[in-house]
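Novice: Take a look and give me a structure for this.
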Amino acid sequence: MHAQTQGATPSIGGTFVDPAFLVGPPDLDLHAVEAALKVNHVLFDGTPLSEDEIRQGIKEYRAFLHCHKLAGMPEQFEVPSYLVDRVWHTHICETRQYASDCLAYFGRMFHHSSGMCN
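Specialist: Residues are numbered from 1 along each chain as shown. Predicted coordinates for the structure are as follows:
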């Protein structure tokens, strides 16, 4: 592995990589989302998630957000898993936090609509 020289363009396999994308998944404070997932949520048949499902869902949701950012925030994208979609909907229900998190991580709103997924 070669040390990167100061001022060199970051690359992976010779392909330019925007340094902003070298950062991992967003480190968002999702405690309110986690708390909401522990109770009966009427959007998802009223069944709360277990602690393990919440941990896994939050992890996968962060990866989903990161991949969407890396892809350039396309208008159309693959439907996330049921678990990721459940976390995403719950995050959206925390409207002020969701708007703030989107602005901080994406620089704009990451809108959700039923017609945007493939």
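
Novice: For this structure, just list every one of the helices.
Specialist: With DSSP state H as the criterion, the chain has helices at 31-37, 51-70, 82-93, 95-106.

Novice: residues of the first one that come out buried?
Specialist: If I follow you right, that is helix 31-37. For helix 31-37, the neighbour count (16 or more other C-beta atoms under 10 Å) marks 33-34, 36-37 as buried. Backbone N, C-alpha and C define where each C-beta goes, glycine included.

Novice: Out of those, which two are the most distant from each other?
Specialist: Greatest spacing in the buried residues of helix 31-37, by C-beta to C-beta: Glu34 and Ala36 (7.4 Å).

Novice: in this protein, which ranges drop under the pLDDT threshold?
Specialist: Low-confidence segments of the chain (pLDDT under 70): 1-24, 40-43, 114-118.

Novice: what sits against the residue nearest the centre of it?
Specialist: Centroid-nearest residue in the chain: Leu65, 2.3 Å away (criterion: C-alpha atoms, centre = their mean). Shown in contact with Leu65 (C-beta atoms under 8 Å, 6 or more residues apart in numbering): 25-26, 105, 110.

Novice: Narrow the residues you listed to just the buried residues.
Specialist: Judged by 16+ other C-beta under 10 Å, buried ones among these: 25-26, 105, 110.

Novice: just the residues you listed now: which is nearest Glu53?
Specialist: Of all those, Glu53 sits closest to Pro25, with 18.3 Å by C-beta to C-beta.

Novice: How many neighbouring residues does Ala63 have?
Specialist: A count of neighbours around Ala63, defined by other C-beta atoms under 10 Å, yields 15.

Novice: what sits against the residue nearest to it when sequence neighbours are not counted?
Specialist: Distances taken as C-beta to C-beta, 6 or more residues apart in numbering put Pro25 closest to Ala63, at 5.6 Å, once the chain neighbours are dropped. For Pro25, the contacting residues are 62-63, 65-66, by C-beta under 8 Å, 6+ apart.
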